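[1] Sequence plus the predicted model coming up.
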Amino acid sequence: MTMLTKPTFTLTKLVKTNPIHHLLSLSLLMSFSAVLLAGCSQEGTEAQSNANSVIAKPNVIVFYVDDLGYGDLGVYGAKGVKTPNVDALAKNGIRFTDAHSYSATGTPSHYSLLTGEYGFRENVTLLKEDSELIIPRTKPTLATLFKKAGYNTAVIGKWLLGLGDAKSDVNWNEKVLLGPAEVGFDYSFIIPGAVEKVPTIYLEDQYVVNVKAEDPISISLENKIGDRPTGAENPELLLQQADELHGGSIINGISRIGWMKGGADAEWKDDNFSQIFTNMADFYIEDNQETPFFLFFSFHDIHVPRMPNEMFKGKSSMGPRGDSIAQMDWITGQVVNKLKAKGLLDNTLIVFTSDNGPVLMDGYEDGAVKQLGNHKPAGDFRGGKYSAFEAGTRVPTIIHYPDKVKPGVSDALMSQVDLYASFADMLGIELGHHEAIDSQNQLKAWFNSKSTGRTELLQESQTFSLRTQEWKYIAPSKKQVDWIKEEKNIESGVSPLPQLYNMLKDPAEQNDLAESETTEVKRYQERIATIKARNQR
């Protein structure tokens, strides 16, 4: 296919002082979309440009997919959808079979991956619709860690960690003062939260792209504002029927959480995410090919609402959810192809994983349940997103690093929270006593499929769980979580009684041994209390 042409201006700098470039930025991106869709691969014609450029430190890209289940990739047993690009990363890297996000929901997992600290320590739960920046500005992050080592840092995609502060509402018509830049990212091109919520806009370096002074943006999460039709009042206009929570302003045929007034030119098109985010990642790699970079690529896919580009419709037998998996795979392949084209792939460490387990019905009717066929999103594990059972946090995880990683399959117990300390070791940076206090250096296990990983692993859903190689303990809880089964059709795993499963003999968590293994139950509950009380490394 024809190579994508880069704009003549530098996106990463001009926006900081002159937001009018947002208009040019987005219009250029949209004009290139036809070129981008002309094919699904790039030739490495630019590889020689880096032939004489030797980077001592590896570039690092973390592909963080949203709601991708353990069984949703070809190499993990997917049916009805093909994922050749991610499968190729697994074939040439390490595929982990017992790797976990920290939480069974997205925001705590994002927080924990980027800080090396369990989300409960900052009371991080599901992102509220109007949440301020969750990461304290004084807290080190992966971005600040890499900056310390001389890297350029960027986040592209979904930002699930809040914006602004608690004292005042975000003004979407000027620079958002608290966001990715304040926690270490040199560049950001993001959507401000979950796609089902207003405002439905892009931000580049914390300026809204294409907002016009004569059509300012305002949003409300309490009362209807503006003249956009709503899902609650105009269900006949919807491309996907939605529940009451998602019955607000209709944008692109999808009703959202909340109401949005103004900002017509700033609205995203859901089915253009594949082009826009791929373009921005490619531009970022182009701009930073001569220096080491850390790119946190945070997918919207395969979260609801699932609105894959026309190019991917029908690529699976499972409707929009399966097609979104195909789209996610294609995006991954395009970014990898850009690395190949620039001669950077061999010196780039790629981490591919998901923020929590799968969910089919999550507020929108898109046929995910009816069209599932014999595909098992959670593999052979019990539960899914929101659940304390294994499928809530056991997620596909792949490491690809040709210079250092020998291909293989690892059954080591692994956690995303350990990326922080492991990268610190790779970079030769000593961590402070209060930095990334829950992160363990597992660099050997990340790079060697034969190495052992963690001896224990804390997990959070609606309660706490503790995993070892042999046991899974789920702490008792009296939380009312009937909504998980009633609305999501997922077993919550929450019970007022403790649960204990032997993961070596019973990985599907069918036989609760808590009553007969009282010594183990007591030991695990005490260990959770000890972990929760720790306040330094």
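    Great, that's in hand.

[2] Excluding chain neighbours, what is closest to the residue most central in space within the chain?
    Closest residue to the average C-alpha location of the chain: Tyr64 at 3.6 Å, with C-alpha atoms, centre = their mean. With C-beta to C-beta, 6 or more residues apart in numbering as the criterion, Tyr64 has its nearest non-adjacent residue at 4.8 Å, and that residue is Ser298. Placement of C-beta: from N, CA and C, glycine included.

[3] Now for the one you found: which residues touch it?
    Tyr64, Asp66, His110, Val155, Ile156, Gly157, Lys158, Trp159, Leu160, Ile190 (C-beta atoms under 8 Å, 6 or more residues apart in numbering).

[4] hey, where'd the strands end up in the stretch 251-400 of the chain?
    Counting by DSSP state E, counting those that start in this stretch, the stretch 251-400 of the chain has strands at residues 254-255, 259-261, 293-298, 348-354, 397-400.

[5] Show me what the third one pairs with in its sheet, parallel or antiparallel.
    Meaning strand 293-298. strand 59-65 (parallel), strand 152-158 (parallel) (DSSP bridges).

[6] For those, could you give me JSON lines that also reports mean pLDDT?
    As requested, the strands paired with strand 293-298 are exported to JSON lines (pLDDT from 0 to 100):
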{"stretch": "strand 59-65", "mean pLDDT": "98"}
{"stretch": "strand 152-158", "mean pLDDT": "98"}
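
[7] out of those, nearest to Val359?
    Of all the strands paired with strand 293-298, it is strand 59-65 that lies closest to Val359, at 13.1 Å by C-beta to C-beta.

[8] contacts for the closest one?
    Contact with strand 59-65 is made by 110, 113, 142, 146, 151, 157, 292-299, 301-302, 328, 332, 335, 339, 344, 347-355, 419, 423, as judged by C-beta under 8 Å, 6+ apart.

[9] quick one, it and strand 348-354 angle?
    Between strand 59-65 and strand 348-354, the angle comes out at 10 degrees (axes from the mean of the first three to the mean of the last three C-alpha atoms, to 10 degrees).

[10] Look up the residues forming beta bridges with Ser410.
    Phe96.

[11] mind checking pLDDT for it?
    Note for Ser410: predicted pLDDT of 98.

[12] Thought Ala90 was touching it, still the case?
    No - the criterion here is C-beta atoms under 8 Å, and Ser410 misses it with Ala90 at 11.1 Å.

[13] Which secondary structure element is home to the spatially closest residue to Glu517 that is not a sequence neighbour?
    Leaving aside its chain neighbours, Glu517 sits nearest to Leu500 (5.4 Å; criterion: C-beta to C-beta, 6+ apart). Per DSSP states H and E: Leu500 is located in strand 499-502.

[14] and the next element down the chain from that strand?
    helix 518-533.

[15] Name the residues of that next one that come out as buried.
    Glu520, Val521, Tyr524, Gln525, Ile528 (16 or more other C-beta atoms under 10 Å).

[16] Mind putting the residues you listed into CSV with pLDDT and distance to Val211?
    CSV is the format used below for the buried residues of helix 518-533 (pLDDT from 0 to 100; distance: C-beta to C-beta, whole Å):
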residue, pLDDT, distance to Val211
Glu520, 97, 57
Val521, 98, 55
Tyr524, 98, 51
Gln525, 98, 51
Ile528, 98, 46
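
[17] From these, pick the one nearest Leu203.
    Relative to Leu203, the closest of the buried residues of helix 518-533 is Ile528; by C-beta to C-beta it sits at 38.0 Å.

[18] List the residues that contact that closest one.
    Contact partners of Ile528, counting by C-beta under 8 Å, 6+ apart, are Leu458, Phe464, Leu466, Tyr473, Ala475.

[19] switch to 7 Å and redo it
    Leu458, Phe464, Leu466, Ala475 (C-beta atoms under 7 Å, 6 or more residues apart in numbering).

[20] Distance check, the third one against Glu435.
    This means Leu466. Computed with C-beta to C-beta, to the nearest Å, the distance linking Leu466 and Glu435 is 23 Å.

[21] all strands for the stretch 1-150 of the chain, in order.
    59-65, 94-96, 99-100.

[22] Of all the ones you listed, which one comes closest to Ser324?
    Between these, strand 59-65 lies closest to Ser324; by C-beta to C-beta that is 10.0 Å.

[23] can you put the strands paired with strand 293-298 in JSON lines and add distance to Tyr207?
    What follows is the strands paired with strand 293-298, written out as JSON lines (distance: least, C-beta to C-beta, whole Å):
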{"stretch": "strand 59-65", "distance to Tyr207": "23"}
{"stretch": "strand 152-158", "distance to Tyr207": "15"}
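
[24] The chain: helices as residue ranges?
    11-17, 21-36, 84-91, 106-115, 142-148, 273-287, 320-341, 419-427, 443-447, 482-488, 518-533 (DSSP state H).

[25] The ones you listed: which one's closest to Thr393?
    helix 106-115 (8.0 Å).

[26] could you give the angle of the closest one to helix 419-427?
    For helix 106-115 against helix 419-427, the angle by the same axes, to 10 degrees is 20 degrees.

[27] export helix 106-115 as CSV, just CAs?
    The C-alpha trace of helix 106-115 is given here as CSV (Å, rounded to 0.1, in the frame of the first residue of the first chain):
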residue,chain,number,x,y,z
GLY,A,106,-10.3,-1.0,34.0
THR,A,107,-9.5,2.0,36.0
PRO,A,108,-7.8,0.3,39.0
SER,A,109,-5.8,-1.8,36.5
HIS,A,110,-4.7,1.2,34.5
TYR,A,111,-3.7,2.9,37.8
SER,A,112,-1.8,-0.1,39.0
LEU,A,113,0.1,-0.8,35.8
LEU,A,114,1.3,2.8,35.6
THR,A,115,2.2,3.3,39.3
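
[28] can you list contacts of it?
    Helix 106-115 is contacted from outside by 66, 101-103, 118-119, 122, 124-127, 134-135, 139, 141-142, 160-161, 355-356, 416-417, 419, 436, 460, using C-beta under 7 Å, 6+ apart.

[29] Could I get the average pLDDT for it?
    Mean predicted confidence for helix 106-115 is 97.

[30] Stretch 480-491 now?
    Model confidence over stretch 480-491, given as mean pLDDT, is 96.

[31] cool, and stretch 236-249?
    97.

[32] Any regions of the stretch 301-450 of the chain where pLDDT drops low?
    Along the stretch 301-450 of the chain, the model assigns pLDDT under 70 to no residue.

[33] surely Lys212 meets Asp265?
    Yes - contact criterion C-beta atoms under 7 Å: Lys212 and Asp265 qualify, at 5.7 Å.

[34] buried ones in stretch 214-230?
    Using 16+ other C-beta under 10 Å as the test for burial, stretch 214-230 gives Pro216, Ile217, Ser218, Ile219, Ser220, Ile225, Gly226, Arg228, Pro229, Thr230.

[35] Contact partners for the nearest residue to the first one once chain neighbours are set aside?
    In other words, Pro216. The shortest distance from Pro216 to any residue other than its chain neighbours is 4.6 Å, reached at Asn173 (C-beta to C-beta, 6+ apart). By C-beta under 7 Å, 6+ apart, the contact list for Asn173 reads Val211, Pro216, Ile217.

[36] Could you tell me the average pLDDT over stretch 83-93, please?
    Here the average pLDDT along stretch 83-93 is 98.

[37] In that stretch, which residues are buried?
    Of all the residues in stretch 83-93, those buried under the rule 16+ other C-beta under 10 Å are Thr83, Asn85, Val86, Asp87, Ala88, Leu89, Ala90, Asn92, Gly93.
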